[in-house]
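In: Here is a sequence with its predicted model. Questions after.
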Amino acid sequence: MTHLDSQAETENLLLSNARLELENSDYRNVITNLASDISSLDAAIQGLSFRARNTELSDSRGEATPRVLKISSTSVQDIGTVVPSQSLDVLGNLLRILGQRLEFVRHGVARREAFIDATPSSWPAEGWLSAAYGYRLDPFTGEREFHPAIDISTQDGQVIFATARGHVSSASRSGNYGNLIELDHGFGVTTRYGHLSRFAVAPGDTVERGDLIGYAGSTGRATGSHLHYEVWSSGQTINPLRLLPNSQSIAAN
């Protein structure tokens, strides 16, 4: 072998080594980026799971918080050192699985939080409880009847608040209810506010818990100024006091 041939072979070896070094560098960068992505997804899942646990007690459906997969970036990088020919596929699959789990957990948390926002859990007005939910003697006829609401006696013109997030499905005159507002909160939950003197919202409006929606009055079949407040769930009335805090007294909004 001549000196020139030996020099050419050496240069080819150096070139091959340089190419391999570049490929290895690219490979390590891919591993590092995938590890970082998986670590970020894992952190996001852990954060969402923490939020889910915090809201779980407020969810009357009692759904369990999904289990999550914990993978450290160190263990992910170790995969590449053990089986280089397969590690990219393994990491890619882990990333895809974690991404799917993240969407699953995110959807569950968002739904749970939306359900809490849609639960009528605040007092609609200041005043005093003058009639409870259940059977009572009708104030006009004296006969026993079922009262599907609570009545909150208050001054004429007292402000009335939405008790949960929702949209106004109706705001109009409605027989014995007088001026009536009905809010649709989603999840099969609606609330009704009767005997109002006037409205502060219109059909189609979106409201948040605590928003002003109207003013108390004595329109319709009423013996005096008060709010007739109903809660409906899946087509049936329920006792509003089951959802309200401090049910022995009415707190100011």
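Out: Perfect, I can see it now. Keep in mind that this is a model prediction, so the values were computed, not measured. Numbers count the residues shown, from 1 in each chain.
In: what about residue 240, distance to residue 156?
Out: 22 Å (C-beta to C-beta, to the nearest Å). No exception for glycine: its C-beta is placed from N, CA and C like everyone else's.
In: tell me which residues in the helix or strand hosting residue 193 are buried?
Out: Per DSSP states H and E: residue 193 is located in strand 189-199. Within strand 189-199, the residues scored as buried using 16 or more other C-beta atoms under 10 Å are 189, 190, 191, 192, 193, 194, 195, 196, 197, 199.
In: Could you do stretch 207-215 as well?
Out: Across stretch 207-215, burial judged by 16+ other C-beta under 10 Å covers 207, 209, 211, 213, 214, 215.
In: The fourth one reaches residue 182, doesn't it?
Out: The reference is to residue 213. No - counting by C-beta atoms under 8 Å, residue 213 does not reach residue 182; the two are 10.4 Å apart.
In: Give the full set of residues in contact with residue 134.
Out: 146, 147, 239 (C-beta atoms under 8 Å, 6 or more residues apart in numbering).
In: Name the nearest of these relative to residue 225.
Out: Among the contacts of residue 134, residue 147 lies closest to residue 225 (C-beta to C-beta), at 17.7 Å.
In: My read is that the closest one contacts residue 133, right?
Out: Yes - between residue 147 and residue 133 there is a contact under C-beta under 8 Å: 6.4 Å.
In: re the thing from before, which residues are in contact with each of residue 213 and residue 182?
Out: By C-beta under 8 Å, 6+ apart, the residues touching both residue 213 and residue 182 are 168, 193.
In: Which element is encountered next along the chain beyond the lowest-mean-pLDDT helix or strand in the chain?
Out: When each helix and strand of the chain is scored by mean pLDDT, DSSP states H and E, helix 73-82 comes last, with a mean of 49. As assigned by DSSP H and E, the chain's next helix or strand after helix 73-82 is helix 84-117.
In: how big is the angle separating that next one from strand 189-199?
Out: Counting by axes from the mean of the first three to the mean of the last three C-alpha atoms, to 10 degrees, helix 84-117 lies at 40 degrees to strand 189-199.
In: Helix 84-117: which residues count as buried?
Out: 87-88, 91, 94-95, 98, 101-102, 105, 108-109, 112-113, 115-116.
In: Give the pairing partners of whichever helix or strand comes after that helix; include direction for each.
Out: Remark: after helix 84-117, the chain's next helix or strand is strand 128-131, criterion DSSP H and E. Strand 128-131 has the following strand partners under DSSP bridges: strand 150-153 (antiparallel).
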